[in-house]
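In: Provided below for reference: sequence and predicted model.
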Amino acid sequence: AGSGEDVRLSLWYFASQSQGKELIHAETSALHSGATTVKLSLDGQNAIEVNRRILSEGGKRQAAVFWYDLNGRLLTSPLAVKLYTALDGMTNGRTSGALVWVSTDLPSAGEEGVEQATTRLETFVAQAFPRLTRFLSSSTP
């Protein structure tokens, strides 16, 4: 557990979104501060676009990748999430969606630590992604 190789998955899922109960709000918008968009390889042929962010808190540093899943549509932009949520609500009456957050501690201070952490995150996401998308798609009505 203390090896610096743990990967954590957090998932916030809304079966429906409404004012005050939505994926994009002040706190989730703040997640994007300092984030860059990167591609993560899933299997050598397929990749997904995600947000990557390095966080520092209390002397600890973490690397995290995150994205939004709206009815199987992967998004990285808060504005796109808002627009597609509205579109889905108008066209098919669904406003379900999820925020997927995957993080790991940085083993060392330099750029090498970021690369190691990114590799660990990419490996985890590649293994978890098929199950995760099946779970999220089965959660939609």
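Out: Arrived safely.
In: Quick check: which element contains Gln62?
Out: If you go by DSSP states H and E, Gln62 is part of strand 60-70.
In: Could I get the buried residue list for the following helix or strand past that strand?
Out: Toward the C-terminus, strand 60-70 is succeeded by strand 73-75 as the next helix or strand (DSSP H and E). Neighbour counts over strand 73-75 (16 or more other CB atoms under 10 Å) mark Leu75 as buried. (Glycine included, C-beta is placed from N, CA and C.)
In: List the strands paired with strand 73-75, with their directions.
Out: strand 60-70 (antiparallel) (DSSP bridges).
In: which other residues reach the partner strand?
Out: By CB atoms under 8 Å, 6 or more residues apart in numbering, the list of residues contacting strand 60-70 from outside reads 23, 31, 35, 38, 40, 48-55, 74-76, 81, 84-85, 88, 96-106, 109, 113-114, 117-118, 121, 125, 133, 136.
In: Those residues, buried ones only, as a ChimeraX selection?
Out: In ChimeraX syntax, the buried subset of these is picked out as below (16+ other CB under 10 Å):
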select :23,31,35,38,40,48,50,51,52,53,54,75,76,81,84,85,88,96,97,98,99,100,101,102,103,104,105,106,113,114,117,118,121,125,136
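In: Strands of the protein, residue ranges please.
Out: Assigned by DSSP state E, the strands in the chain fall at 7-14, 36-41, 47-57, 60-70, 73-75, 97-105.
In: closest to Phe129 out of the ones you listed?
Out: Phe129 lies closest to strand 47-57 among the strands of the chain, at 7.1 Å (CB to CB).
In: list the helices and strands the closest one packs on?
Out: strand 36-41, strand 60-70, helix 111-139 (3 or more CB pairs under 8 Å, 6 or more residues apart in numbering; DSSP states H and E).
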